[in-house]
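Undergrad: Prediction below, plus the sequence it came from.
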Amino acid sequence: MKVNKGDAKQRAIMLKKLREEHKDSVARTQTLLKEQKGLRQQICRHMREEPRTIPDLAGLTGIPAPDILWHVTAMKKYGQVEEVGMCGEYYLYKNIGKSHA
């Protein structure tokens, strides 16, 4: 498909307008992503040396257990951590080194 200069210019103007209209939500999203990355780095640091449970990680980081579980579940989904056993009724999780954290 061939795009002429007039269409390309209109598209560039439209994109610039959209970026300006949504700059606040983009900034908020970038801030949230940065915060999430920091939390995941903190969680991963504690799983590098030995496997940890969700309550262990919550105690070590001061992050509420439901938040830890959410992050660990996401990292497990993307192959960054794995379940490596059980400690009582809790799964043990270990960072497997594929983390971008």
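TA: That came through, no problem.
Undergrad: Show me what the longest helix along the chain is packed against.
TA: Counting residues, the longest helix found in the chain (DSSP state H) is helix 23-47. Secondary-structure packing of helix 23-47 (3 or more C-beta pairs under 8 Å, 6 or more residues apart in numbering; DSSP states H and E): helix 54-61, helix 65-77, strand 90-95. Bear in mind the C-beta positions are built from the backbone N, C-alpha and C, glycine included.
Undergrad: Buried residues of the last one, list them for me.
TA: For strand 90-95, the buried set under the neighbour-count rule, 16 or more other C-beta atoms under 10 Å, comprises 91-95.
Undergrad: Show me the shaky parts of the protein.
TA: Residues of the chain meeting the criterion pLDDT under 70: 1-3, 98-101.
Undergrad: Buried deepest among the helices and strands packed on helix 23-47, which one?
TA: By mean neighbour count, with neighbours taken as mean count of other C-beta atoms under 10 Å, strand 90-95 ranks first of the helices and strands packed on helix 23-47 at a mean of 19.
Undergrad: what angle separates that one from helix 65-77?
TA: With axes from the mean of the first three to the mean of the last three C-alpha atoms, to 10 degrees applied, the angle from strand 90-95 to helix 65-77 works out at 60 degrees.
Undergrad: List of residues touching stretch 38-55?
TA: Contact with stretch 38-55 is made by 56-57, 60-61, 63, 65, 67-69, 71-72, 75, 80-81, 84-85, 87, 90-95, 99, 101, as judged by C-beta atoms under 8 Å, 6 or more residues apart in numbering.
Undergrad: switch to 10 Å and redo it
TA: For stretch 38-55, contacts defined as C-beta atoms under 10 Å, 6 or more residues apart in numbering pick out 56-63, 65-75, 80-97, 99-101.
Undergrad: next one: stretch 79-91
TA: 40, 43-44, 47, 50-56, 69, 71-76, 92-101.
Undergrad: Do me a favour and get the end-to-end distance for that stretch?
TA: Stretch 79-91 has an end-to-end distance of 16 Å (C-alpha to C-alpha, to the nearest Å).
Undergrad: What residues sit buried inside that stretch?
TA: Under the neighbour-count criterion of 16+ other C-beta under 10 Å, stretch 79-91 has 80-82, 91 buried.
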